[in-house]
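*Asks:* okay, here's the prediction I keep looking at, along with the sequence it came from:
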Amino acid sequence: MGPYTERFLPWFMEKVLSLPVYREQRREILRLSSGRVLEIGFGFGGTLTEYPGAQVREVVALEPNPGMVRRARRTLALAPFPVRFVRGVAESMPFRPGVFDTVVSNWTLCSLDPLSDALREIRRVLVPGGRLLFLEHGLSEDPALARWQRLLTPVQRFLADGCRLDLDMEAVVRSGGFLIESIERYESRLPLRVLRQMYRGVARPA
Ligand SMILES: C[S@@+](CC[C@H](N)C(=O)[O-])C[C@H]1O[C@@H](n2cnc3c(N)ncnc32)[C@H](O)[C@@H]1O
């Protein structure tokens, strides 16, 4: 991992994803989390203050980028529950089956490859009846914008650590073996149109 990925991206992600427009969106989905929580693609720690402390017993923070983890460690004192960092990827997770009540993914599914492996792993580590909470950007319903997203995905993948712009997240989660309990598709107020389409949902293993 070079300095671009380990130093620049964590700094840049923290700057951007700390903006109120992102924080508000995270808060909406995280209020549904409870029990033992696994957050995949934990990043710089922007979610810690948004979890409902009274409902969450522990957060396990899965993150492959050591530069992100260094930043996230600074936020630990803000959490009213234990937080455990695990360095690893969602496509192959070092956890026993059936140990998490909630798995959270905020703007992370777009970077997983192959995504089907990661979704299978999420199903494996959830307790029976456990839930996946996701908040993801993805493919627009506007065909013209969707064409741009497909066109720009190779550039985005190169610049943003594998992130794709062209995934229909609802279809992706369903085809990964989940039943969608609720989903909202909406346009966020972000300046970059190709990143505006959001999918916020709750899913259970089928
Ligand atoms: C756009 S950032 C989102 C960070 C955080 N979830 C947030 O809301 O601020 C995506 C995160 O996914 C992580 N990531 C990339 N590939 C991953 C993988 N294969 N497994 C788990 N996390 C990954 C990145 O290092 C990065 O921290």
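*Replies:* Noted; the coordinates are in hand. Residues are numbered from 1 along each chain as shown.
*Asks:* what pairs with the longest strand belonging to the chain, and is each one parallel or antiparallel?
*Replies:* The strand that spans the most residues within the chain, counting by DSSP state E, is strand 126-137. Paired with strand 126-137 in the same sheet, following DSSP bridges, are strand 100-106 (parallel), strand 197-205 (antiparallel).
*Asks:* which residues touch it?
*Replies:* If you take Cβ atoms under 8 Å, 6 or more residues apart in numbering as the criterion, strand 126-137 is touched by 25-26, 28-30, 32-33, 98-110, 122, 165, 167, 169, 173, 178, 181, 188, 195-205. Using the backbone N, CA and C atoms, a C-beta is placed for each residue, glycine as well.
*Asks:* buried deepest among the strands paired with strand 126-137, which one?
*Replies:* strand 100-106 (a mean of 24; mean count of other Cβ atoms under 10 Å).
*Asks:* and the nearest residue to residue 34 once chain neighbours are set aside, what are its phi and psi?
*Replies:* The shortest distance from residue 34 to any non-neighbouring residue, by Cβ to Cβ, 6 or more residues apart in numbering, is to residue 55 (4.2 Å). Per-residue torsions, residue 55: phi -100, psi -20 (degrees, to the nearest 10).
*Asks:* which residues are in contact with residue 55?
*Replies:* 33-35.
*Asks:* what does the chain put close to the ligand?
*Replies:* Contact residues (Cβ under 6 Å from any ligand atom) of the chain with the ligand: 13, 17, 26, 40-41, 43, 46-47, 62-65, 68, 89-91, 106-108, 111-112, 161.
*Asks:* out of the residues you listed, which are inside strands?
*Replies:* 40, 62, 106.
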